[in-house]
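> Structure of the sequence below:
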Amino acid sequence: MERTKIFDDVVRLLKDSPFYFNELLKELHSCKDWDGTDVYAKSCLNDRIRRGTIVRLSDDLYKGNYGLKGAKSEKKIKTTSKKVINAELAPLSEKESAAVEKEIEKDRRYPQRVRDIFLRLFGRVPVYEPSQHGNISCKDVYKDFTKSSLFVIIRQIKIDNKIQHTNNTQLNIFTAYILDPINDYFCKILNGDLTLIEEMNEYVFKVGHYRHEWSLTTKICKTFNQLLFGLDSYYIYDSVVNSHLDRYRASYSLPALNKDYYANYWNSLEDLRLNLPDKLKRNELDHIIWYRNK
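The predicted structure is shown next:
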């Protein structure tokens, strides 16, 4: 079968929603008659864009997404398809937080062995107390980790959170990103830089041509922010929390907010937290919504 016909047939299969370039490649390579290269697929894609049969929904080949003519929506953070049951909402209070934290600590389904790894490596958690932050050179933090020790930490984060689909190749890409000084990872973690989530996630997606890893990316960044620097700057992106967040906001007479990108998701949770009678930590708010609705 002619390559171009296979390409067009595959695009038609993806017509129901916008698609990323790597999703298109995956479908093409699953066709036994496809013998084209990724470069050839890119050429076909650009040709269809020039003709107007495919619409570019954003500018970057890997970061962006595409659709057939008439497509309007852009893929951002993938929203959950789980049905939200209108059950009674758990109170977002200090009392409820204390109860949830005790339950999580005893729940064998959610071990936090990554903390033990930090203790074995450094003898303390957090490694740098907040009182030390003014004296920290972010470049020196890189010396605390080898490629091997960093990979072990990231792999344990994956295991602790029961993330099944991520393989060692992807974990090595996360490791390489963190260890590359040009990315300034540890300074951004220390400063609670929200743009880091987007940057790191897109790097892994672009280099590995895998799916976006919003949840794992936020869990990695939160772990280092918390165990390395003793901070509470990040919310974990979780589909359960995302599903129930608007209900919790409505219960405090707050409107639903756009949650398409991580910064928007973070702002939606942060705005809720700042409007609570009890001033919870970010980690505590995260845990109540997740654990009581999972």
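> check contacts around the spatially closest residue to residue 291 that is not a sequence neighbour.
The shortest distance from residue 291 to any residue that is not its chain neighbour, by CB to CB, 6 or more residues apart in numbering, is 5.1 Å, and that residue is residue 100. The C-beta positions use only the backbone N, C-alpha and C, and glycine is treated the same way. Residue 100 is in contact with 90, 284, 287-288, 291-292, counting by CB atoms under 8 Å, 6 or more residues apart in numbering.
> For these, give me TSV that also has secondary structure.
Written out in TSV, the entries for those read as follows (DSSP: H, G, I helix; E, B strand; the rest coil):
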residue	secondary structure
90	coil
284	helix
287	helix
288	helix
291	helix
292	coil
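> Just the buried subset of those, written out for PyMOL, thanks.
Buried members of these can be picked out in PyMOL with the line below, counting by 16 or more other CB atoms under 10 Å:
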select buried, resi 90+284+287+288+291+292
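> can I get the contacts of residue 100 in a markdown table with distance to residue 40?
Conversion of the contacts of residue 100 to a markdown table gives the following (distance: CB to CB, whole Å):
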| residue | distance to residue 40 |
| --- | --- |
| 90 | 53 |
| 284 | 52 |
| 287 | 48 |
| 288 | 51 |
| 291 | 48 |
| 292 | 50 |
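> Nearest to residue 173, out of the contacts of residue 100: which one, please.
Of all the contacts of residue 100, residue 173 sits closest to residue 287, with 28.5 Å by CB to CB.
> Any figure for the gap between that closest one and residue 104?
As for residue 287, its distance to residue 104 is 6 Å (criterion: CB to CB, to the nearest Å).
> And the pLDDT for residue 12?
With respect to pLDDT, residue 12 scores 69.
> How many residues are close by residue 97?
Using other CB atoms under 10 Å, residue 97 has 20 other residues around it.
> show me where the stretch 51-200 of the chain has helices.
Along the stretch 51-200 of the chain, counting by DSSP state H, counting those that start in this stretch, helices occupy 94-106, 113-122, 138-141, 147-160, 168-179, 185-190, 195-208.
> Check which helices and strands the fourth one sits against.
Helices and strands touching helix 147-160, as assessed by 3 or more CB pairs under 8 Å, 6 or more residues apart in numbering; DSSP states H and E, comprise helix 113-122, helix 168-179, helix 214-227.
> Buried ones in the second one, by neighbour count?
With burial defined by 16+ other CB under 10 Å, the residues of helix 168-179 counted as buried are 170-178.
> re the thing from before, roughly how far does the residue nearest to residue 291 sit from residue 240?
Residue 100 sits at a distance of 13 Å from residue 240 (criterion: CB to CB).
> Apart from its neighbours in sequence, what residue is nearest residue 238?
residue 290 (5.4 Å).
> between the helix or strand where that neighbour lies and helix 214-227, how many degrees?
When secondary structure is defined using DSSP states H and E, the element that contains residue 290 is helix 282-291. Using axes from the mean of the first three to the mean of the last three CA atoms, to 10 degrees, one finds that helix 282-291 and helix 214-227 are set 140 degrees apart in direction.
> I'd like the mean pLDDT over helix 282-291, please.
96.
> pLDDT weak spots in the stretch 151-294 of the chain?
In the predicted model, the stretch 151-294 of the chain carries pLDDT under 70 at residues 209-211.
> at 90 instead, please
Counting by pLDDT under 90, the stretch 151-294 of the chain contains low-confidence ranges at 161-170, 201-215, 239, 256-261, 294.
> Quickly compare the helices of the stretch 51-200 of the chain and say which is most buried.
Between the helices of the stretch 51-200 of the chain, helix 185-190 has the highest mean count of neighbours, a mean of 21, where neighbours are mean count of other CB atoms under 10 Å.
> Counting by contacts, list what that helix packs against.
Using 3+ CB pairs under 8 Å, 6+ apart as the contact test, the elements touching helix 185-190 are helix 138-141, helix 168-179, helix 195-208, helix 214-227.
> Pull out the CA atoms of it and give them to me as PDB.
Listed next in PDB are the C-alpha coordinates belonging to helix 185-190 (Å, rounded to 0.1, in the frame of the first residue of the first chain):
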ATOM      1  CA  TYR A 185      16.600  21.900  38.100                       C
ATOM      2  CA  PHE A 186      17.600  22.200  41.800                       C
ATOM      3  CA  CYS A 187      17.400  26.000  41.800                       C
ATOM      4  CA  LYS A 188      14.000  25.900  40.300                       C
ATOM      5  CA  ILE A 189      12.900  23.200  42.800                       C
ATOM      6  CA  LEU A 190      14.200  25.400  45.700                       C
END
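> That concludes my questions; thank you for your assistance.
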